[in-house]
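J.: Below are the sequence and a predicted model; questions follow.
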Amino acid sequence: MNNTFAPQTALACDNVSIGYRAGNGILSVVRNVSLDVRPGTALGLVGESGSGKSTLALALAGCLPPGGIVTGGSIQIEGQSVGGVRVGRSRLEAARRLSVVFQNPAAALDPSRRIMAVFDQRLRLLGMPSDQRRSRAAALLDSVKIRNVDHVLTCYPHQLSGGMQQRVVIALALANDPAVLVLDEADDGAGCDRRKRDHRASENATTGTSGGLVAHLPRYKSGAQAL
Ligand SMILES: Nc1ncnc2c1ncn2[C@@H]1O[C@H](COP(=O)(O)OP(=O)(O)O)[C@@H](O)[C@H]1O
Ligand SMILES: [Mg+2]
C-alpha cells in the first residue's frame, strides 16, 4: 500500500495488550490500548493507580521487566515496530527514539555525582566526543529553562530543589533527541503549579519532540484513558 499521503506519526499504539507472567498463566494488565501521537503534540494518559500506565510506558521503551510481555497489538515509533514478543535489533533501535522519565525522576540521579558528571556519562554513551559534552549539557539544561546552568552543572543533586532535579532528569532524557518523550508521573507529588511549569518546560524543550504525559488522577476509575 502506498502510504505517501498518510500523516506521519511519532508514536502509534494499535490494540496493545500487555500482561505479566503469573504461575502458568499471564495476568492481563493493559487491554487493547490504541493511541496516536503526532509530531510536536502532547497526549495525556490518566488512570487510577494500578491501571497499567507505567507498564505501558515500559513497553513503549521496549524494556518491560522480566515476566512482562506484550500479548497483542503493535507499537510503532516513527513507523518502526517496538512492541512484540521478540527482542530484535529494529525494536531496540526504535526504542532509542523514545525516552521515558519514570516516576520519582530525582531518584535517577546518583547522589555522589555532580550533574556534569551525569551528563558526561550519558553523552559518552551516546557517542559524543568529550570536548563537545559540556556545551551540549549546557544547551540541554537551557532547553528545560534552567537559568544558572554553569552553577547547576557543578552541583550534587542534593544541592538542587526537587523541581530542579526533575528538570535535570528531563534534560538527560532529551540528550538523544528523542522523537517521543514519555513522562510517567514525572512530577508526582509536585504542586499543581509546578506540574504545569515542568510540563511546559519539557514541552518547550525541543520543537520536534512529541510529549506523552502519563498522570495519575484518582477520579478516573475505569482504567487508563487518553485525553
Ligand atoms: N514487574 C511486575 N510483575 C508483575 N506485576 C506487575 C509488575 N509491575 C506491575 N505489575 C502489576 O501491573 C498492574 C499495573 O501496574 P502499573 O503499570 O505500575 O500501574 P500504574 O502505573 O497505572 O499505577 C498492577 O496490578 C501491578 O501490580
Ligand atoms: Mg505508575
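T.: Cool, the structure landed. Ligands and ions are numbered 1, 2, ... in the order given.

J.: Quick one: low-confidence residue ranges for the protein.
T.: Scanning the chain for pLDDT under 70 picks out 1-7, 83-95, 186-227.

J.: Just give me the residue closest to the centre of it.
T.: With distances taken as C-alpha atoms, centre = their mean, residue 100 lies nearest the centre of the chain, 1.9 Å away.

J.: Double-check that that residue belongs to a strand.
T.: Yes: counting by DSSP: H, G, I helix; E, B strand; the rest coil, residue 100 is found in a strand.

J.: Please work out how many residues are found near residue 80.
T.: Residues lying near residue 80 (other C-beta atoms under 10 Å) number 14. Where C-beta positions appear, they are placed from N, C-alpha and C, glycine not excepted.

J.: thought it was touching residue 98?
T.: No: using C-beta atoms under 8 Å, residue 80 is not in contact with residue 98; the gap is 10.3 Å.

J.: Specify the beta-bridge partners of the residue nearest to the centre of the chain.
T.: Taking DSSP bridges as the rule, residue 100 bridges to residue 182.

J.: List the contacts of it.
T.: By C-beta atoms under 8 Å, 6 or more residues apart in numbering, the residues touching residue 100 are 57, 58, 60, 61, 173, 181, 182, 183, 184.

J.: try it again with 6 Å
T.: By C-beta atoms under 6 Å, 6 or more residues apart in numbering, the residues touching residue 100 are 57, 61, 182.

J.: three-state assignment of the residue of the chain found nearest ligand 2?
T.: Per C-beta to the ion, residue 54 is where the chain lies closest to ligand 2, at 3.2 Å. What three-state DSSP gives for residue 54 is helix.

J.: Can you report how many residues neighbour the closest residue to it other than its chain neighbours?
T.: Distances taken as C-beta to C-beta, 6 or more residues apart in numbering place residue 184 nearest to residue 54, at 5.5 Å, with adjacent residues excluded. Using other C-beta under 10 Å, residue 184 has 24 neighbouring residues.

J.: For residue 184, give its distance to residue 33.
T.: Per C-beta to C-beta, to the nearest Å, residue 184 is found 15 Å from residue 33.

J.: Up against ligand 1, what does this protein have?
T.: Along the chain, the residues adjacent to ligand 1 under the rule C-beta under 6 Å from any ligand atom are 20, 29, 47, 49-55, 65, 67-68.

J.: 5 Å instead?
T.: Residues of the chain lying close to ligand 1 by C-beta under 5 Å from any ligand atom are 20, 29, 49, 50, 51, 52, 53, 54, 55, 65.

J.: Buried ones among those?
T.: The neighbour count (16 or more other C-beta atoms under 10 Å) marks 20, 29, 51, 52, 53, 54, 55 as buried among those.

J.: Distance to residue 129 for those - can I get that in a markdown table?
T.: A markdown table is the format used below for these (distance: C-beta to C-beta, whole Å):
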| residue | distance to residue 129 |
| --- | --- |
| 20 | 41 |
| 29 | 42 |
| 51 | 44 |
| 52 | 41 |
| 53 | 38 |
| 54 | 35 |
| 55 | 37 |
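
J.: which one of those sits closest to residue 137?
T.: For those, the minimum distance to residue 137 (C-beta to C-beta) is 27.8 Å, reached by residue 54.
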